[in-house]
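K.L.:
return atomic coordinates for the entry below.
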Amino acid sequence: MIKDATAKSASGSPGKLSVAATTFAGVTDELREALIPFRTRAVEVGSVFHSVDPIPAEEVDRWIGHARPCAILRLDGEGPVAGRFGGPPLLPADVPDPRHPYVGYIDFAALPKGSTDLPLPPEGRLLLFAEIWELWDGDNRGHAVYVPAGTPVTERDSYTWTAYGDNYVGEFRENFDNFPQGELRVTAEPDLPDQSPDGFPHQDGLQAVWWEVAGRNRHLQLGGYAAYPDPLEEIVSCAVQQAEQGRWGGGEPVSGDPEDWVALVHWDADVADREGTKMQWSIQRADLEAGRFDRTYVTGYYNP
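P.N.:
This next block holds a predicted model:
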């Protein structure tokens, strides 16, 4: 959730600040207003914690111009319930038992209107699966299943993934038992890139201030940007390599152009003994538009 900050005029007295109006499509006036705390902090204070001096307003405004809308789902959120962490996965009878641990689901129909700029179905649930171990090689580490509204489902054993190899039992099962549980509440928020585009000499400072003001952790994020430290370019490169080796993609075409991909879901995992883990579900835009969520590529990062 974007943290509050007092807006001041150029003279230093309280007043209303405006933010860049040339943001990406889908960013409403309300979301632009939500960026005022970030602009105020960046221009007037910087970051004491990260030793960042105030940043020129012109550069801050240009960076704000790259804002995108996203949906943030939290266990301790204040918006409507739009998903859940944990619980047994509910899947159609013709869907195989999951090969990866179950994380939770997002209910598309419960999302605030315009909360992302992604071509999502208007309803139905997206179930997310991921293993949060052995993340150093860029291999696909999970999958997603879309269940249209009204589809008959059956409850599956949450531990079916343990049947696919001895490496996944033992301490990994203990980690899985620590996955978060509970209803997720959603808010529509702006998102800014973790990897700034070219032409921003203060990009490290911009990112540091944004991380402080955004105040995001232990959440699911639908839409927006791929999260640090893996830019979409690196994720796409891994997907192409895996497809060329016949290890992902089902033999279908996989684009190596990051412009053909979107960051679908990000999970800032709060799992005992795996703190610092971040998971990213990415997908080709054409597959998303076609509802091919089975073509989601899942990567992760672990910084203990």
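K.L.:
quick one: E58 from R39, how far?
P.N.:
Going from E58 to R39 by CB to CB, to the nearest Å gives 12 Å. The C-beta positions use only the backbone N, C-alpha and C, and glycine is treated the same way.
K.L.:
more neighbours: the two, which one.
P.N.:
Shown here are E58 and R39; by other CB atoms under 10 Å, R39 has more neighbours (24 against 9).
K.L.:
correct me if wrong: that one contacts I64.
P.N.:
Yes. Look at R39 against I64 with CB atoms under 8 Å: they come within range, at 6.5 Å.
K.L.:
strands along the stretch 51-200 of the chain, start to end?
P.N.:
Taking DSSP state E, counting those that start in this stretch, the strands of the stretch 51-200 of the chain run over residues 68-74, 81-85, 90-91, 102-107, 125-130, 142-147, 154-155, 182-191.
K.L.:
same thing with the stretch 201-304 of the chain?
P.N.:
Under DSSP E, counting those that start in this stretch, the stretch 201-304 of the chain gives strands at 219-223, 261-268, 277-284, 297-302.
K.L.:
where in this protein is the helix or strand with the lowest mean pLDDT?
P.N.:
helix 171-177 (a mean of 87; mean pLDDT, DSSP states H and E).
K.L.:
residues making contact with that helix?
P.N.:
The contact list for helix 171-177 (CB atoms under 8 Å, 6 or more residues apart in numbering) reads 101, 131-133, 159, 162, 271-274.
K.L.:
pull out the buried positions in that helix.
P.N.:
172, 175-176 (16 or more other CB atoms under 10 Å).
K.L.:
and which of these is nearest W211?
P.N.:
Ranked by distance to W211 (CB to CB), the buried residues of helix 171-177 are led by N175 at 25.5 Å.
K.L.:
any idea how far that closest one lies from H143?
P.N.:
Applying CB to CB to N175 and H143 gives a distance of 19 Å.
K.L.:
go on, P152?
P.N.:
For P152, the distance to H143 equals 21 Å [CB to CB].
K.L.:
which of these two has more neighbours?
P.N.:
Just comparing P152 and H143: by other CB under 10 Å the higher neighbour count belongs to H143, 20 against 8.
K.L.:
and the closest residue to that one other than its chain neighbours, how many neighbours does it have?
P.N.:
Spatial nearest neighbour of H143, chain neighbours left out: F129 (5.1 Å); criterion: CB to CB, 6 or more residues apart in numbering. Around F129 sit 21 other residues, with neighbours defined as other CB under 10 Å.
K.L.:
so what's the spatially most central residue of the chain scoring on pLDDT?
P.N.:
In the chain, the residue lying closest to the centroid (CA atoms, centre = their mean) is H266, at 2.4 Å. We have a pLDDT of 96 for H266.
K.L.:
and what of the one 5 residues further on?
P.N.:
Looking at V271, its pLDDT stands at 89.
K.L.:
distance of the residue lying closest to it once chain neighbours are set aside from R84?
P.N.:
Leaving aside its sequence neighbours, V271 sits nearest to N178 (CB to CB, 6+ apart; 5.0 Å). As judged by CB to CB, N178 and R84 stand 16 Å apart.
K.L.:
higher neighbour count, those two?
P.N.:
R84 (19 against 13).
K.L.:
and the more buried one, how far from L222?
P.N.:
For R84, the distance to L222 - CB to CB - is 14 Å.
K.L.:
what's the answer for P193, then?
P.N.:
Per CB to CB, P193 is found 16 Å from L222.
K.L.:
which parts of stretch 147-163 are buried?
P.N.:
Buried residues in stretch 147-163, counted by 16+ other CB under 10 Å: 147, 156, 158-162.
K.L.:
same check, this time on stretch 41-60
P.N.:
41-44, 46-47, 52, 54-55, 59-60.
K.L.:
just put these in a markdown table and tack on distance to V236 and pLDDT.
P.N.:
Listed next are the buried residues of stretch 41-60 as a markdown table, based on distance: CB to CB, whole Å; pLDDT from 0 to 100:
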| residue | distance to V236 | pLDDT |
| --- | --- | --- |
| R41 | 32 | 95 |
| A42 | 30 | 95 |
| V43 | 34 | 96 |
| E44 | 38 | 95 |
| G46 | 33 | 92 |
| S47 | 31 | 88 |
| V52 | 30 | 91 |
| P54 | 35 | 95 |
| I55 | 30 | 95 |
| E59 | 28 | 94 |
| V60 | 29 | 94 |
